[in-house]
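> Coordinates for the following, if possible.
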Amino acid sequence: MGCPAAIAAGSVTTELLIGRDIEEALAFSRAEVNTALGGLHPQKVHTSVLAEDAVRAALKKYRQQ
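Model prediction:
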């Protein structure tokens, strides 16, 4: 659920992370999302921030197990 930009950011984040190990995933950045989407409207840049935050939170939770 969410606006089209948020859905696109989540989808491309998944694609960008496929095949990466944990260390490579830790290097993931919102800039990669923005580039992969061909740039985001200034009012929608927060979607790439949310994607990066979600990846970091998931990796943190994974490492705590």
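> Return the set of buried residues in stretch 41-59.
Applying a neighbour-count criterion of 16 or more other Cβ atoms under 10 Å, the buried positions in stretch 41-59 are Lys44, Thr47, Ser48, Leu50, Ala51, Glu52, Val55. C-beta coordinates here come from the backbone N, C-alpha and C atoms, glycine included.
> and which of those residues is nearest to Ser29?
Glu52 (6.1 Å; Cβ to Cβ).
> helix or strand for that closest one, which one?
Taking DSSP states H and E as the definition, one finds Glu52 inside helix 46-64.
> Determine the set of other helices and strands touching that helix.
With contacts defined as 3 or more Cβ pairs under 8 Å, 6 or more residues apart in numbering; DSSP states H and E, the secondary structure elements packing on helix 46-64 are helix 4-17, helix 22-26, helix 30-36.
> Would you reformat those helices as TSV and include mean neighbour count and mean pLDDT?
As requested, the helices and strands packed on helix 46-64 are exported to TSV (neighbours: other Cβ atoms under 10 Å; pLDDT from 0 to 100):
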stretch	mean neighbour count	mean pLDDT
helix 4-17	16	96
helix 22-26	11	95
helix 30-36	17	96
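> Save these as JSON lines, and put in distance to Lys60 too.
Putting the helices and strands packed on helix 46-64 into JSON lines (distance: least, Cβ to Cβ, whole Å) gives the following:
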{"stretch": "helix 4-17", "distance to Lys60": "15"}
{"stretch": "helix 22-26", "distance to Lys60": "10"}
{"stretch": "helix 30-36", "distance to Lys60": "17"}
